[in-house]
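Engineer: quick one, what's the 3D model for this:
(one chain, ligands or ions: 1)
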Amino acid sequence: MSAEIMSAELHCAHCDQETLHTLVYAGRLLVSSTCETCQTQVRHEPADLRIHYVRDLEHRIVTKPFRLWRRFWKSPRAVFWGFPKQAVGQPRKFWNEVKELFK
Ligand SMILES: [Zn+2]
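Structural biologist: Okay, here's the model as predicted:
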């Protein structure tokens, strides 16, 4: 399974602010996320990720993306576990909409 690198602004618990994160995916699964500012890396076990994909991603984020994004943003761990590859891959327009939620 080949790794795929993506970048996204996420809340870093260590920095206590939104920073650019490098997200490493293996297929659809998020393997690790690294804060570009403090280099804090969070690694994820595939088995756990699958559970969260079913419970959090597909059930919550996909069905009610924008309201739930806000909640996930305040809970970095939930963001990391449930971060949807589909959302990361969305065009700039999507991210602008997400950012509107935090103004
Ligand atoms: Zn950080």
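Engineer: for the ion, see how far away Gln12 is.
Structural biologist: In this structure residue 12 is Cys, not Gln. Shown here: Cys12 relative to the ion, a distance of 3 Å by CB to the ion, to the nearest Å. Any C-beta I mention is one placed from the backbone N, CA and C, and that applies to glycine too.
Engineer: ok, now which ones touch that residue?
Structural biologist: Applying CB atoms under 8 Å, 6 or more residues apart in numbering, we find Cys12 in contact with 18-19, 21, 35, 37-38, 40, 76.
Engineer: repeat the analysis, applying 6 Å as the threshold.
Structural biologist: Listed by CB atoms under 6 Å, 6 or more residues apart in numbering, the contact set of Cys12 reads 19, 35.
Engineer: contact residues of this structure facing the ion?
Structural biologist: Those residues of the chain that sit near the ion, judged by CB under 5 Å from the ion, are 12, 14-15, 19, 35, 37-38, 40.
Engineer: okay, the residues you listed in CSV with distance to Gly27 and pLDDT next?
Structural biologist: As requested, the residues of the chain next to the ion are exported to CSV (distance: CB to CB, whole Å; pLDDT from 0 to 100):
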residue, distance to Gly27, pLDDT
Cys12, 25, 91
His14, 28, 92
Cys15, 29, 94
Thr19, 25, 93
Cys35, 23, 95
Thr37, 27, 96
Cys38, 28, 97
Thr40, 24, 93
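Engineer: just the buried members of those residues?
Structural biologist: Restricting the residues of the chain next to the ion to buried positions leaves 12, 19, 35, with burial counted as 16 or more other CB atoms under 10 Å.
Engineer: just to revisit the earlier point, which of the residues of the chain next to the ion fall in strands?
Structural biologist: Counting by DSSP state E, the part of these found in strands is 12, 19, 35.
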